Each structure stands twice: as C-alpha cells, then as structure tokens.
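Undergrad: Next one to model:
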Amino acid sequence: MIRFNRPYITGRELGYMAEAMEKGHLSGDGPFTARCQAIFRERFGFLHNYLTTSCTDALEMSAILANIGPGDEVIVPSFTFVSTANAFILRGAKVVFVDSLPDHPNMDVRAVEALITPRTKAILAMHYGGIACDMDMLMPLVRKHGLILVEDAAQAIDSYYRGQPLGSFGHLAAFSFHETKNIHAGEGGLLVVQGEFAHRSEIIRDKGTDRSAFFRGEVDKYGWVDIGSSFLASELIAAFLFAQLAELDTIQRERKRVWEFYHARLQPLKAAGYRLPHVPEHCTNNAHLYHLICPSLERRTALIAHLNAKGIRAVFHYQALHASAYHRAHHPQQVPLPWSEHYGDTLVRLPLFAGLTDAEMQHVAEQVLAFEGL
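TA: Purely as a prediction, here's the structure:
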C-alpha cells in the first residue's frame with residue numbers, strides 16, 4: 001500500500017533528543033526551543049514566536065489573546081479543520097462562517113464584509129494547502145473595521161504572498177507540526193504574535209504565570225497573573241523539530257518534486273471534468289498537498305475505492321463545518337455555503353510526502369488516469 005503520508009525523518013532527531021536528555025532540561029523553553037525560535041526569527045522574520053504542543057493550542061491561545069468572549073463574533077471559513085472554529089467557540093464566541101471561492105477552497109474574501117457586524121471582533125484566514133488567501137483584499141477590511149486578524153497557517157510553513165511569509169500578516173498566527181505537515185515533531189505547533197501581544201503570550205502559554213520573567217530575573221518571584229493553560233512544548237518536541245528545520249530546504253525540494261510531477265502528468269483529467277490545483281501568480285506553493293476536485297461525490301467515492309484496490313491510499317478532506325451535526329444543533333437556521341459543501345463532497349488528496357519514489361508517483365498518476373480511461 002502506498003501510504004497517504006509517511007512522516008519524514010532526517011536521521012538527526014534521536015541524536016538531538018538524546019542531547020536534550022543528557023543536558024537534563026526536558027521541559028519547555030530550553031536550548032532547543034531557543035534554537036527553533038531563532039530559525040523562525042531569522043528565516044521568516046517571526047520576531048515573537050512560541051512553540052506549543054499543537055496548532056490547536058496556538059489557536060486557543062490566539063482566542064485568549066484576542067480577548068474573545070460571549071457576545072463576540074468571529075468570521076471563520078467553513079471549509080477548514082474543526083480546531084479553527086473550536087478555539088473561539090470555547091471562549092463563548094459566535095462563529096460566523098464564510099464560503100469558499102469557486103476556484104479554490106480558500107475563504108471568499110469578497111463575501112466577508114457583508115458578514116461584519118458591530119459584534120465582529122476577529123477574522124480568521126486559513127491558507128488552504130499553503131496557498132495564501134487574498135491578503136490584498138483582506139488587510140484593508142481588517143484595518144477599516146478595527147478587527148483582529150488571526151492566520152490559521154497550519155499548512156503554510158515556508159509559503160509566501162507577494163514575497164511576505166504567511167504568518168506575518170495577522171496580529172496572531174498558528175502553525176502546525178503534526179506528522180502530516182511539511183515539517184513535523186509528531187505533534188507540535190507555533191504561535192506567532194505581533195509585538196503588542198508578546199508579553200501576554202508567554203504568560204498565557206505558561207499557565208497564566210510570569211515564570212518566564214522570573215527566570216530572566218525581571219521579577220523577584222513568579223505568580224498567577226492572568227488566565228492561561230499548559231501550552232508549552234517540551235524540549236523533546238523542540239529537539240525533534242530542530243532536526244526538521246535544519247532540513248527544511250531539502251524537504252521542500254522533495255515535496256515540490258512530487259507536486260510538480262502530479263500536476264504535469266494529470267492534466268488530461270481536465271477533459272474528464274476534474275479541476276487541478278490553482279496557484280495564483282502572487283502566491284508561492286509550498287507543496288503541502290496535491291488535491292483534485294472531482295466532478296461529483298459519486299465519482300470521488302468511486303475513485304478513492306479504485307485507488308485503494310490498486311494499493312494507493314487517497315483521502316478526502318474537510319467536511320463543511322457549517323453543515324456539521326454540532327453546528328446545526330446549535331444554529332439550525334443555516335445559510336447555504338455551496339462552495340464549501342462542494343469541496344467537502346468532491347475534493348480528494350493524493351499521497352504526497354518527501355521520499356515518495358518515482359515508481360510510486362508514476363503508479364498513483366497512472367491509476368488516477370486509468371480510472372477515467374485516460
């Protein structure tokens with residue numbers, strides 16, 4: 001079976017984890033955390049960045065930092081992972097869903113302004129597949145209405161919009177280092193914040209205490225000064241991630257090789273009613289995933305079954321959150337969001353990971369085409 005994903009291992013992870021154990025610092029904010037943070041600062045300009053145990057944690061921290069509470073509204077894409085919405089619902093906010101674009105699963109920024117009310121406090125932009133939302137249109141909206149922008153950049157490491165790294169546009173941004181992501185630590189995440197949120201971020205991340213300030217000698221004792229939780233990633237996570245960061249360029253080259261092979265080989269699918277990924281000219285492609293938009297739900301179901309029978313694990317992706325059982329139970333009068341529902345019914349993801357062999361890529365492409373008799 002050609003797996004959908006195989007976590008990439010550089011070969012240095014165990015050595016760095018052993019080094020952390022030998023130094024005797026296994027909780028967070030140790031030497032490997034500092035090394036990872038330095039790379040994020042130097043490579044991407046993320047001056048204030050904080051490792052977390054997951055992207056979900058980073059999103060939940062964002063909701064706390066934005067002072068989200070009951071009565072607030074947050075605009076969120078419907079076609080996204082549940083954590084994107086959950087982080088704000090947990091704080092008591094009402095999530096207002098926005099539809100996807102007709103030509104891409106990203107949120108339709110043109111539809112956002114009509115959803116803004118006096119209660120709107122934040123907008124969450126999820127960059128699907130590492131392809132940026134329309135930031136030229138979104139940023140003026142954020143400024144015009146005085147809103148907080150949160151980037152769900154879970155899939156967007158090393159991706160850019162007009163030369164600026166994703167995760168640097170929002171007041172807050174969350175990245176994922178789950179094993180399915182370009183670089184990973186099994187589990188793990190990163191919160192990137194603009195300067196005004198920096199001091200409070202390290203407090204919320206460390207259970208609401210000013211312990212970090214205490215360790216820097218800025219206060220004579222630490223105590224409980226804010227709400228918070230245990231969002232801090234351990235040194236073992238940081239050591240594993242450091243090995244991945246050191247090989248980021250190699251990993252990206254490998255992933256892009258697979259993406260470009262699929263994209264060239266599968267062009268004949270267009271004649272059968274499929275849509276292939278679209279990368280706008282002003283966006284970069286970090287090759288996080290390769291997806292196809294099938295002509296129908298029935299065709300997608302049959303394609304996945306065909307590939308599985310041929311030893312290929314392909315998967316569909318998100319189901320539209322506005323149509324979920326949980327959301328319908330709390331908000332039964334739902335406005336249809338047809339494009340989000342369309343992608344939930346028709347999008348299929350092909351195997352893509354660093355280390356996928358030429359023979360495996362060829363087999364995947366051949367079997368996709370064979371399903372349509374091409």
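Undergrad: In the stretch 1-150 of the chain, what residue spans correspond to helices?
TA: Counting by DSSP state H, counting those that start in this stretch, one finds helices in the stretch 1-150 of the chain at the ranges 13-23, 31-44, 55-65, 82-89, 135-145.
Undergrad: Out of those helices, flag the one nearest P332.
TA: Closest approach to P332 among the helices of the stretch 1-150 of the chain is made by helix 82-89 (16.3 Å; Cβ to Cβ). For the C-beta atoms, the positions are set from N, CA and C on the backbone; glycine is no exception.
Undergrad: which outside residues touch the closest one?
TA: Defining contact as Cβ atoms under 8 Å, 6 or more residues apart in numbering, one finds that helix 82-89 is touched by 55-56, 59-60, 62-63, 68, 72, 74, 76-77, 95, 97, 122, 124, 126, 152, 321, 324, 327.
Undergrad: Name the stretch among the helices of the stretch 1-150 of the chain that sits most buried.
TA: Mean neighbour count (mean count of other Cβ atoms under 10 Å) peaks for helix 55-65 among the helices of the stretch 1-150 of the chain, with a mean of 26.
Undergrad: between that helix and helix 82-89, how big is the angle?
TA: Calculated by axes from the mean of the first three to the mean of the last three Cα atoms, to 10 degrees, helix 55-65 forms an angle of 20 degrees with helix 82-89.
Undergrad: Helix 55-65 packs against which elements?
TA: Packing partners of helix 55-65 (3 or more Cβ pairs under 8 Å, 6 or more residues apart in numbering; DSSP states H and E): strand 48-52, helix 82-89, strand 148-152, strand 172-176, strand 189-193, helix 195-205.
Undergrad: Could you find the closest non-adjacent residue to the most far-flung residue of the chain relative to its centre?
TA: Distance from the C-alpha centroid of the chain peaks at D220, with 38.6 Å (Cα atoms, centre = their mean). Spatial nearest neighbour of D220, chain neighbours left out: F214 (7.8 Å); criterion: Cβ to Cβ, 6 or more residues apart in numbering.
Undergrad: correct me, but that neighbour touches K221?
TA: Yes - applying Cβ atoms under 8 Å, one finds F214 in contact with K221, separated by 6.4 Å.
Undergrad: What are the contacting residues of the helix or strand harbouring the residue nearest to D220?
TA: If you go by DSSP states H and E, F214 is part of helix 211-215. Helix 211-215 has contacts (Cβ under 8 Å, 6+ apart) with 29, 202-203, 206, 219-222.
Undergrad: Report pLDDT for the residue nearest to D220.
TA: As summarised for this prediction, F214 has a pLDDT of 81.
Undergrad: Tell me how many other residues crowd it.
TA: 14 (other Cβ atoms under 10 Å).
Undergrad: Equivalent analysis for G163, please.
TA: Neighbours of G163 under the rule other Cβ under 10 Å: 7.
Undergrad: residues in contact with it?
TA: Shown in contact with G163 (Cβ under 8 Å, 6+ apart): no residues.
Undergrad: so how far is A132 from it?
TA: Distance of G163 to A132, given as Cβ to Cβ, to the nearest Å: 11 Å.
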